[in-house]
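1. how does the following fold in three dimensions:
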Amino acid sequence: MNQYVIQRDLPGAGNLSAEQLADISTRSVEVLQEMSGIEWVHSYVTTDRIYCVYFAEDEALVLEHARRGGFPCTQVALVSSIISPATARQVA
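-> The predicted structure follows:
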């Protein structure tokens, strides 16, 4: 499966309560249980956006998940590489 980063523009996202975030998460999981070929890894909540990391067979599944869940889906980016401090040590 491919890895994707999804940008969801959601004004005020950083002010959502724990209960509101739990409700969003629950809805996402419910939709995912009805689908195959897609897996939610985790999400980062910022001031006005949520960035989600997913594994999926293709971008169409990411878009379908957003449609079914009623989630904004501003941008979908295919991850081509993952780097970290360990990447720098591999070259040395």
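
2. residue ranges for the helices of the protein, please.
-> Counting by DSSP state H, one finds helices in the chain at the ranges 18-33, 59-69, 85-91.

3. any regions of this protein where pLDDT drops low?
-> Applying pLDDT under 70 to the chain flags the ranges 91-92.

4. which residues sit against stretch 33-49?
-> Applying Cβ atoms under 8 Å, 6 or more residues apart in numbering, the set of residues contacting stretch 33-49 from outside is 1, 3, 7-14, 16, 21, 28-29, 32, 50-58, 61-62, 64-65, 68, 74. (Glycine included, C-beta is placed from N, CA and C.)

5. show me which of those are buried.
-> 3, 7-8, 10, 13, 28, 32, 50-52, 54-56, 61-62, 64-65 (16 or more other Cβ atoms under 10 Å).

6. circling back: among the contacts of stretch 33-49, which lie within strands?
-> Residues of those located in strands (DSSP state E): 3, 7-9, 50-56.

7. these: which two are farthest apart?
-> Spatial extent of the ones in strands among the contacts of stretch 33-49 (Cβ to Cβ) is set by the pair D9 and F55 at 22.4 Å.

8. make a markdown table from the ones in strands among the contacts of stretch 33-49 and add distance to S36 to it.
-> Below are the ones in strands among the contacts of stretch 33-49 laid out as a markdown table (distance: Cβ to Cβ, whole Å):
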| residue | distance to S36 |
| --- | --- |
| Q3 | 17 |
| Q7 | 24 |
| R8 | 22 |
| D9 | 28 |
| I50 | 23 |
| Y51 | 24 |
| C52 | 18 |
| V53 | 19 |
| Y54 | 13 |
| F55 | 12 |
| A56 | 10 |
